[in-house]
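In: Sequence first, then the predicted structure:
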Amino acid sequence: GSGANEGGGATGSGHGSPAISQIEDGDPLVSPSEFYRRYVRARKPAIFRGLAKTMCVFDLWRNESWVAENRGDVVFDVDMRKRHGNQLQAKQLMTLQSFLQNYRDKDMFLDEAITDTDLFDDLALPSPLACNYFAERVVTANLLWAHGNTSSYLHHDGSDNFLIVLSGSRDALVAAPNASAALYADDFIVASGLSPIDPDAINLTAHPRVAEVEWHHGELRAGDILYIPQYWWHQLEGSGAPGTAISLWFQSFNFDANLTVPDDLVVASTAEFEALVDAAPETIACRPGAFAFSQVIGQLGNSTEYASNMDQRPQLPPSTTIPISRTIPGTVVPAVMLGTARLEGRAEEVIKTALDVGYRAFDSGAITGYSETSLGQVLAESAVPRTELFITTKLNPRFHGYDSTLASFRESLAALQTEYVDLLLIHAPACELDVDEVCTEGPMVWRDTWIAMEALRAEGVAKHLGVSNFEVDDLDQLLTFATVAPAVVQNWFDPLHRDRAVRKWCRANKVGFQAYSVLGSGWTDDGAPVNPVLTNQAVIGIAKEKQRSVAQVVLRWAMQSGVGVIVGARSREHLSHDLSLGDFYLSESQMKGINGLSHKKKKPAADSGESPAYTDSDDCLSKRCAGQWEGCETAAPCAVCEHSCENDASDAGYVTCCEACVAGKEPAVVSAMQKLLKCFNYCLRFG
């Protein structure tokens, strides 16, 4: 047989694999410092019986009439199915009052953040968390509400979780992070952190290792609180009507600066996390006190991450469809810019249509393929005041240097027929030898270019300065001499190429991030046979749920990630669609689904019918990377480094070795190695 549902659900909960032990009952009177020592640091889940009954919200939120009258105007993106399995759910925007009027008779489940709503004001930290250590580490809280018969994903969270049961009951199974391999975590379907195992239909023939998992089981009743440590796997079944609960997330350990394994490699990244916990302090200094969530909000409000989350609250569709962004700190600009590259002979036609549709921000450049002259002509002829426009242009890296930068920029101003540009970028730190530009000027000195740009800003002809195609090392170098910090970094960014290192740098340095190739054209430019973003089944599924185009979903995802986007639409229909992003919202689970998409492209199975561009990574390296190998050999120190690192046992070790070896060498050597490693990393996807 298929083996479906083998194991029988020994707990009577419908779970496919029997629990072998009970979750420990915790001490409801435990102090915060003891809670840390006995449960958090010991990595031990526990049920605190009756503890939720001491919280004011326990009686307050069990009164649906009070909630509807006093909190009913909050808008949520509601799951339109109560049992989650292993697939993303359809969503529908509605007020809490509307939800409470309908949830008893319909298949719907509310599981949404309340952090920036009036509901949050009703909460106080439970006593085990009532000290400054935990108050400073609260991440968010979700309200869970349904009419019984609910089932969650089998998943883990990057934060500790207090599941506070207000009404109904919950049946919980949890498993330690070392179960990640047995739960096939690296084979995730929806997002990293969500196991591909469907709790309602476990198939031990397809997933035999599930039988190895050491489960811990617990039954929760109204008033109980379940503590789930960071990265512990868990799955919850809800019964009883109504079923109301709160998920409170706090992050006892934050090792972001120490983690080296990408989070989409779930088995390895969780193992690395556990090793770091083992080295964490066994006790904490913890100043006790009663902490209302309004106090916690005050602390969260100082963080960029919290401010970003505030902007993501779902809203009912507004009257306007033109989204506004603060990509450049201190300056309000449209979140969507029209890119003018590759317009060829249609440049004036497309730009005129864009103006008519409502675009007011345009991205151009002085490099081959852009249309500064056409953009300038159309804008000069239009009736749109210059003060309503936002014009970006980029300096051709052929002309790096102080005097050449000034001369090139004057030509751009003339072509654009404007007295100033709103944003001036360095297009790239060095010439790309595989594009139409011919670099004959010798070593490119972008340091002098930036100094010249600062002079242009002082003159008032370039309002803001920034860079494009810069990596973290380049940005760090820029800060060593710049007297004017960059306002924005413009890089390749899409759901499969999230440029996390640069975005993290931007957040740390209060620099805006703007994306080109956000719809995945960077992959096809790099030689991919199909666009893996627009053909991604998870993104297509979300688009169907939202009744939007795939492009709109990806652009909305970028905007909710705090990223400004440059679009390359050509037709009036697509131009209009790419601006219509302000009247829908991606839920937290949908955002997680896209953020968890794997960077890896698995090699197609032999009988899949697919025709990969290369048979394997070696075939790709020999065919695609021949020019890059030759470039490295020509730059002798690059070749020496590559040969000294080629015996490293792992691909990641090889890349790290090569990067370290060329650090500090001549720019041409570093550039040659970067191009080789870029091609090398691309080829790894072919297995």
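Out: Right, received. Where do you want to start?
In: Where does pLDDT dip in the stretch 1-150 of the chain?
Out: Within the stretch 1-150 of the chain, the set of residues satisfying pLDDT under 70 comprises 1-19, 84-91.
In: show me where it has strands.
Out: 21-22, 24-25, 46-48, 75-79, 91-95, 110-113, 138-146, 150-151 (DSSP state E, counting those that start in this stretch).
In: how about these, which one is nearest A538?
Out: strand 91-95 (14.5 Å; Cβ to Cβ). C-beta coordinates here come from the backbone N, C-alpha and C atoms, glycine included.
In: Need the contact partners of the closest one.
Out: Residues from elsewhere that reach strand 91-95 (Cβ atoms under 8 Å, 6 or more residues apart in numbering): 72-80, 102, 108, 314-317, 545-546, 585, 587, 590.
In: And these, which of them are buried?
Out: Among the contacts of strand 91-95, those classed as buried by 16 or more other Cβ atoms under 10 Å are 72, 74-79, 108, 314, 545-546, 585, 587, 590.
In: How far off centre is stretch 260-278?
Out: 18 Å (Cα atoms, centre = their mean, to the nearest Å).
In: Could you give me the buried positions within it?
Out: Applying 16+ other Cβ under 10 Å to stretch 260-278 flags 263-271, 273-274, 277 as buried.
In: Sort out for me which of those are in helices.
Out: Among those, the members falling in helices (DSSP state H) are 266-271, 273-274, 277.
In: of these, the lowest pLDDT goes to which?
Out: Lowest-confidence member of those: V266, scoring 86 (pLDDT).
In: any idea how far E573 is from it?
Out: With the distance defined as Cβ to Cβ, to the nearest Å, V266 ends up 40 Å from E573.
In: Let me know which of the strands of the stretch 1-150 of the chain is the nearest to G358.
Out: Going by Cβ to Cβ, the one of those nearest G358 is strand 91-95, 23.6 Å.
In: relative to strand 75-79, how tilted is the closest one?
Out: Per axes from the mean of the first three to the mean of the last three Cα atoms, to 10 degrees, the angle that strand 91-95 makes with strand 75-79 is 150 degrees.
In: who does strand 91-95 pair up with?
Out: Here strand 91-95 is paired, per DSSP bridges, with strand 75-79 (antiparallel).
In: Who are the packing partners of the strand ranked longest in the chain?
Out: Longest strand in the chain by number of residues, with DSSP state E as the criterion: strand 233-250. Applying 3 or more Cβ pairs under 8 Å, 6 or more residues apart in numbering; DSSP states H and E, one finds that strand 233-250 contacts strand 138-146, strand 150-151, strand 160-175.
In: Can I get it as PDB, trimmed to CA atoms?
Out: The C-alpha trace of strand 233-250 is given here as PDB (Å, rounded to 0.1, in the frame of the first residue of the first chain):
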ATOM      1  CA  TRP A 233       9.300  21.800  15.300                       C
ATOM      2  CA  HIS A 234       5.600  21.900  16.200                       C
ATOM      3  CA  GLN A 235       2.200  21.200  14.900                       C
ATOM      4  CA  LEU A 236      -1.100  22.100  16.600                       C
ATOM      5  CA  GLU A 237      -4.600  20.700  16.300                       C
ATOM      6  CA  GLY A 238      -7.400  22.900  17.600                       C
ATOM      7  CA  SER A 239     -10.800  21.800  18.900                       C
ATOM      8  CA  GLY A 240     -13.700  23.400  20.800                       C
ATOM      9  CA  ALA A 241     -15.600  26.500  19.700                       C
ATOM     10  CA  PRO A 242     -14.700  29.200  19.800                       C
ATOM     11  CA  GLY A 243     -10.900  28.500  19.800                       C
ATOM     12  CA  THR A 244      -9.000  31.600  20.600                       C
ATOM     13  CA  ALA A 245      -5.300  31.900  21.400                       C
ATOM     14  CA  ILE A 246      -2.300  34.300  21.200                       C
ATOM     15  CA  SER A 247       1.100  33.400  19.800                       C
ATOM     16  CA  LEU A 248       3.700  35.600  21.500                       C
ATOM     17  CA  TRP A 249       7.100  35.500  19.900                       C
ATOM     18  CA  PHE A 250      10.300  36.500  21.600                       C
END
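In: Buried ones in that strand, by neighbour count?
Out: Buried-residue list, strand 233-250, by 16+ other Cβ under 10 Å: 233-238, 240, 242-250.
In: distance between that strand and the chain's centre?
Out: 25 Å.
In: Next, the angle from that strand to strand 138-146.
Out: 120 degrees.
In: who's W145 bridged to?
Out: L110, T244.
In: Hmm, A241 and it touching each other?
Out: No: at 10.6 Å, W145 and A241 do not qualify as touching, with contact defined as Cβ atoms under 8 Å.
In: My read is that Q235 contacts L163, right?
Out: No: the pair Q235 / L163 is not scored as a contact, 11.9 Å apart, by Cβ under 8 Å.
In: For A245, give me the pLDDT.
Out: Note for A245: predicted pLDDT of 95.
In: The residue lying closest to it once chain neighbours are set aside: neighbouring residues, count only.
Out: In space, and not counting its chain neighbours, A245 is closest to L144: 4.3 Å by Cβ to Cβ, 6 or more residues apart in numbering. Residues contacting L144 under the criterion other Cβ atoms under 10 Å number 23.
In: and the host helix or strand of T449, which residues are buried?
Out: Using DSSP states H and E, T449 maps to helix 446-459. The neighbour-count check on helix 446-459 (16+ other Cβ under 10 Å) flags 446-447, 449-453, 456-457 as buried.
In: show me what contacts W232?
Out: 43, 45, 156, 174-177.
In: 6 Å - rerun?
Out: V174 (Cβ atoms under 6 Å, 6 or more residues apart in numbering).
In: Ramachandran angles for it?
Out: phi -80, psi 140 (degrees, to the nearest 10).
In: Okay then, goodbye and thanks.
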